[in-house]
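Visitor: Below is the sequence, then the predicted model.
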Amino acid sequence: MQDYLNELNDVQRDAVTTINGPVLVVAGPGSGKTRVLTYRIANIIESGVPPWEILALTFTNKSAKEMKERIAKVVGSRANNVWAGTFHSIFARILRVEAEKIGYPSSFTIYDSQDSKSVISSIIKELNLSRDRYNVNAIASRISSAKSSLIPPKLYGQMKELISQDSMNKRPRVHEVYTKYMARCKRAGAMDFDDLLFQLYYLLHKNPDNVLDKYRNKFKYLLVDEFQDTNYLQYAIIKKLCKYEGSSHNICVVGDDAQSIYAFRGATVDNILDFEKDYKGLKTFKLEQNYRSTTHIVQAANSVIGHNKKQIKKKIWSHKGDGTKIRVIKAVSDSEEGKRIADSIIEQKTRRHLSNSDIAVLYRTNAQSRIFEEYLRRYNIPYKVFGGTSFYQRKEVKDLIGYLRLAVNPQDEEALKRVINYPKRGIGNTTLEKISTKAGENEVNMWEAMDYVELPAGTMKKLKGFKAMIGAFIQRAKTVDAYDLAAYAARQSGLIATLKADTSVEGLSRLENVTSLLDGIKEFVENDEVEEGQELTTDKSLASYIQNIALHTNQDEDDEGNHITLMSTHSAKGLEFKSVFVVGLEENLFPSFMAMKTPQGIEEERRLFYVAITRAEEILTLSFANSRYRHGKHSNNSPSRFLNEIPLDNMESGFSLSKPTGTAVRPQRSGVAGNFKQARTQAKLSINVADFKPSPSSAIQEGQKVLHLKFGEGVVEQVDGRNDKKVATINFPQIDNPKRRLMLKFAKLQIME
DNA sequence: TGACTGTGGGTTTTT
DNA sequence: CCCACAGTCA
C-alpha cells in the first residue's frame, strides 16, 4: 500500500481506493474532500490508467490547477496530462476541435453575460417591445434557464407551461426573442456561457462522425467536484459520456447538498438524488469529520443548517477542541462596520499573531467591498478584492479586446458594435442600425452586411476605412504573435491616442489599464515556463490568447502575497482561513431581499451562510449594521435571522439582538409573514425614513430628545462651539458606544418634543 | 447624422 | 450609485 494512503482516515481511504464503478462521496465542509479527489486520481494513475483518460470536472480553474499540483506530488509530471478543468473550459476546448461539425467556426467567440444582454436588448428594440415589460435581465435568465434545461427555442414554443408563464408575466413574446437570440449568436459565430454546455450536448447527441464514441472511449474515468452545484444540462452531458450500454461506469461525484448555493444558475441538488437512482451498485461514502474548524464553529454551522428542511442527514464533528467563541459586532452604520472590522483585524494580527493571508472578509454582495477597502487602505493593511468588476470587464479593456476579438472572428457582432465607433470615427447609431437591418434582410452577419448597405458616400468611406483596418489586423494576426498584434491594434485604432488625450485621473487610470492589458498579453507571449498544473501552450497567436482569457475568472487570479482576502460568500466556496469575518448580516441583505420571497430562497441563503461560516478554522466574527447606504439611498434593516440560529453557547457572552427599547421609535413594518417573534426582539433601530423630518440644526439644544436615522433615539447632553462649528454630544442608549459627538452642521436630527 | 447632456429607473450571487 | 436612453444642439 502506498504512503499517501496512510494520510487518510478509513472512509477517505475507501473512497480513494474504490476506483471502479459509480461512487458518490458526500463530503461535509473541511472533511478532506480535495485530498480524496486528488489521491483518488493519483491512485487511478498508479493503477496503470493513462492520465489523459481521466476527466476531472471542477468548479474553478484554480481548483483544477491546485488539484493537478497535488496529484503531481504523488505521481510526478504525468499529472499534467489529466483533463482537469471547469465544465466550461473543458467543453470549450472540445468544441474548438469539433465546432465545424455543428456549424460554428473553430475560432468562435465566447460571449460573456454583458454581450448576451446586449444582443437581447437589441432584439427587444427591433421587435418594438417595451423595455420595462421586457426587462433584459429577466429575459436573459429566462433564456439561460431554458438552455440549461435542454429546451431549444423550438421546444420552448411547444411547452404550454413556459408559454403561459410568459403571458402571465405579460411577456408573451419571450419565445420569439429566444429564437432570434439563438440565431443571432450563431450568425455571429458566438457561443454564450450556456452554449458551451448546450452545444456540446447537441454535438454528442447528434453525433456527427461518431464523436460520441470518440469521447466515450477517451474518458474512461470521470470525476465531478462540487456535484451539488451542477445543473440539469451538466448532468445530462455527464450521463452522455458515462451512462450507456457497456460502460464501466467509472464515475465519482463529490458534493455536499448543504453547500448548494447556485440554484439561481440552475444548479439542483436533485442531481445527487438522481445519481443514486441512475447508477445501480453505487457506493456511497460520507465524510463527516471536519478537520478544518474548531467545535464552536462546527456546532454553530450544524445548528444553522438544521433550520433547513431539505437535506441529506449527516453528523459533522470536529476533534480540534472548542476553540474561540463566535463574536458578533453590532455597528450603527456600514462605515462603522468597516472601521470596527478593520480594528478587529489589527487586534487579531497583534494579539493572535495572524498574518494578513490568514484573514478573510466575506460579504453577500460585491458592492459591500468598498467600505472595507477604504478602511484597510487607511490602516495600511494590504488586501485583495476578488470578484466584482473584474479587470477584463472594464470598459477600456473590453474595447481593446473588442478589436482583438474582431481580428480573430470578424463575425463577432458584439465586438463590432463596441468598436466600430470607438474611438469616434463618425459611424453613429443610424448607420449601425442600417447595417443591422441589412444583415437581418440578407441573413448575413453585420461584417458582411457592411458590403451591401447603401449609405451616403462620406459614411461609406468611413465604413470602408474601418473594414480595411480590421482586415489588416486579420492579415497581420496570421503571421505575428498576440502581443505584436495587440500593440499594433491599440495604436492603429487610435485607442491609445484617445486615452492619452484624456488627462483626468480616470482617464489616466484607463490608459494604465490598457497598458497593463498589453503587459499581460506580452507575458502570455513571452512565458516559456511550463507551469505545474497548466497545459503547455506553445501557441502564442492572438486566437490562442483570446480563447485563454474568455473563461478567465477572478478566482483564477493569483492570490500570492500576504494580504487580507475580500470576496463574496459565493467565491469563498472551497477556501479556508484561520479567521473569517462574515459581514452585513442583515435582513434584506443576507438573506438577500431577492431571495426572501420564497422558502426555497431562504433555504439557499441559509446554505450560503453555512458555507460562509464553515470557511473559518479558528476565529469567526459576524457583523451587521443598523443602517447602510444602498444604491445611494439610506436603508435600515434588522439583524439577519441567521444570527438567531446560532446557539448562544457558541457565542461570546453578552450577545443578544435586542436592546432596551425606546418608546418613540416605531418598529419597522414587518414584511415577512410569521416573524412576529423577530419583530418583537429585533429591529429596534428601524426608522421609517419617509416620516423622518430633520429639524434645523440651530434648534438643537441641551436636554432635548432627538431622533437620528442611524443611531435612533438619543438625548442631547451638551452643545459646544459656535456657528458652523457647533458640536452636540448625544447619548444614544440603543447603540453599542452610546455617546456620540455630532457636527450639527451635518447632523440630521429630528427633535421629539 | 453624430455628439452631448440631463433624467429616470433598477437594485444578488457566477461560468 | 451607476447605467441606459431620450431629447437637443451643431
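Guide: Arrived safely, thanks for sending. Numbers count the residues shown, from 1 in each chain, chains lettered A, B, ... in the order given.

Visitor: switch to C-alpha atoms for all contacts and neighbour counts from now on
Guide: Will do.

Visitor: How many neighbouring residues does A:Leu24 have?
Guide: 22 (other Cα atoms under 10 Å).

Visitor: Could I get the contacting residues of whichever residue of the stretch 1-150 of chain A sits closest to DNA strand C?
Guide: Proximity of the stretch 1-150 of chain A to DNA strand C (Cα to the nearest atom of the strand) peaks at A:Ser121, 6.2 Å away. Residues near A:Ser121 by Cα atoms under 8 Å, 6 or more residues apart in numbering: A:Val136.

Visitor: how about it, secondary structure?
Guide: Three-state assignment for A:Ser121 (DSSP: H, G, I helix; E, B strand; the rest coil): helix.

Visitor: Doesn't A:Glu414 lie inside a helix?
Guide: Yes: counting by three-state DSSP, A:Glu414 is found in a helix.

Visitor: Would you mind measuring from it to DNA strand C?
Guide: To DNA strand C, A:Glu414 is 13 Å away according to Cα to the nearest atom of the strand, to the nearest Å.

Visitor: distance of that residue from A:Thr60?
Guide: Separation of A:Glu414 from A:Thr60 (Cα to Cα, to the nearest Å) stands at 26 Å.

Visitor: repeat for A:Tyr392
Guide: 17 Å.

Visitor: Which of these two has more residues huddled nearby?
Guide: Each of A:Tyr392 and A:Thr60 has its neighbours counted (other Cα under 10 Å); A:Thr60 has more, 22 against 18.

Visitor: Apart from its chain neighbours, what residue comes closest to that one?
Guide: A:Thr86 (5.6 Å; Cα to Cα, 6 or more residues apart in numbering).

Visitor: is it true that the one you found touches A:Lys62?
Guide: No: under the criterion of Cα atoms under 8 Å, A:Thr86 is not in contact with A:Lys62, lying 9.1 Å apart.

Visitor: and A:Leu155, how many residues sit next to it?
Guide: With other Cα under 10 Å as criterion, A:Leu155 counts 12.

Visitor: State whether it is indeed within a helix.
Guide: Yes: membership of A:Leu155 in a helix is supported by three-state DSSP.

Visitor: Now do stretch A:210-230, average pLDDT.
Guide: The pLDDT scores in stretch A:210-230 average 94.

Visitor: Tell me the buried residues in it?
Guide: A:211-212, A:215-216, A:219-230 (16 or more other Cα atoms under 10 Å).

Visitor: got it, and stretch A:395-409?
Guide: A:396-409.

Visitor: Next up, the contacts around A:Gln348.
Guide: A:Gln348 neighbours (Cα under 8 Å, 6+ apart): A:Leu354.

Visitor: chain center to whichever strand or helix holds it, what's the gap?
Guide: Element membership for A:Gln348, per DSSP states H and E: helix A:334-351. Its chain's C-alpha centre and that of helix A:334-351 lie 26 Å apart, by Cα atoms, centre = their mean, to the nearest Å.

Visitor: ditto for stretch A:98-105
Guide: Worked out by Cα atoms, centre = their mean, stretch A:98-105 lies 29 Å from the chain centre.

Visitor: how long is that stretch from one end to the other?
Guide: For stretch A:98-105, the end-to-end distance is 9 Å (Cα to Cα).

Visitor: and the gap between the residue nearest to A:Thr60 and A:Arg40?
Guide: Counting by Cα to Cα - A:Thr86 and A:Arg40 are separated by 18 Å.

Visitor: And the strands in the stretch 451-600 of chain A?
Guide: A:564-568, A:577-582 (DSSP state E, counting those that start in this stretch).

Visitor: quick one: strands adjacent to the last one?
Guide: Sheet pairing of strand A:577-582 (DSSP bridges) gives strand A:359-363 (parallel), strand A:616-630 (parallel).

Visitor: so how far is it off the chain centroid?
Guide: That offset, for strand A:577-582, works out to 19 Å (Cα atoms, centre = their mean).

Visitor: Average pLDDT for that strand, rounded please.
Guide: Mean predicted lDDT for strand A:577-582 stands at 96.

Visitor: Could you do stretch A:647-658 as well?
Guide: 76.

Visitor: got it, and stretch A:593-608?
Guide: Per-residue scores along stretch A:593-608 average to 88.

Visitor: Show me what secondary structure element comes after the one helix or strand in chain A whose mean pLDDT sits lowest.
Guide: None of the helices or strands of chain A scores lower by mean pLDDT, DSSP states H and E than helix A:676-681, at a mean of 28. Counting by DSSP H and E, the next helix or strand C-terminal to helix A:676-681 is strand A:705-708.

Visitor: For that next one, which helices and strands make contact with it?
Guide: strand A:712-720, strand A:749-751 (3 or more Cα pairs under 8 Å, 6 or more residues apart in numbering; DSSP states H and E).

Visitor: Now for the residue in the stretch 101-250 of chain A positioned nearest to DNA strand B: which residues touch it?
Guide: When Cα to the nearest atom of the strand is the measure, the stretch 101-250 of chain A has its nearest residue to DNA strand B at A:Phe193, with 4.9 Å between them. Under the criterion of Cα under 8 Å, 6+ apart, the neighbours of A:Phe193 are A:88, A:110-113.

Visitor: could you redo the last one with a cut-off of 7 Å?
Guide: A:111-112 (Cα atoms under 7 Å, 6 or more residues apart in numbering).

Visitor: pLDDT value on it, please?
Guide: pLDDT, read off for A:Phe193, is 92.

Visitor: And it, how far from A:Lys147?
Guide: Taking Cα to Cα, one finds A:Phe193 at 10 Å from A:Lys147.

Visitor: before we move on, what about A:His205?
Guide: Taken as Cα to Cα, the span from A:His205 to A:Lys147 is 15 Å.

Visitor: Have a look at those two and say which one is more surrounded.
Guide: A:Lys147 (22 against 14).

Visitor: Kindly confirm my reading that that one forms part of a strand.
Guide: No: counting by three-state DSSP, A:Lys147 is not found in a strand; it is helix.

Visitor: Quick one: name the residues of chain A near DNA strand C.
Guide: By the rule Cα under 7 Å from any atom of the strand, the part of chain A lying against DNA strand C is A:121, A:631-633.

Visitor: at 10 Å instead, please
Guide: Within chain A, the positions near DNA strand C by Cα under 10 Å from any atom of the strand are A:114-115, A:117-118, A:120-122, A:124-125, A:128, A:130-132, A:136, A:367, A:370, A:389, A:393-395, A:429, A:629-633.

Visitor: Which of these fall in helices?
Guide: Among those, the ones falling in helices (DSSP state H) are A:114-115, A:117-118, A:120-122, A:124-125, A:136, A:370, A:395, A:429.

Visitor: Go through those and name the one with the lowest pLDDT.
Guide: Lowest pLDDT among those: A:Asn429, 79.

Visitor: Next, the residues that contact stretch A:318-336 from outside, please.
Guide: Contacts for stretch A:318-336 (Cα under 7 Å, 6+ apart): A:289-291, A:293-296, A:298, A:337, A:371, A:618-628, A:650-652, A:710-711, A:735-736.

Visitor: Tell me the buried residues within these.
Guide: Among the contacts of stretch A:318-336, the ones that count as buried by 16+ other Cα under 10 Å are A:289-290, A:293-296, A:298, A:337, A:371, A:618-628, A:650-651, A:710-711, A:735.
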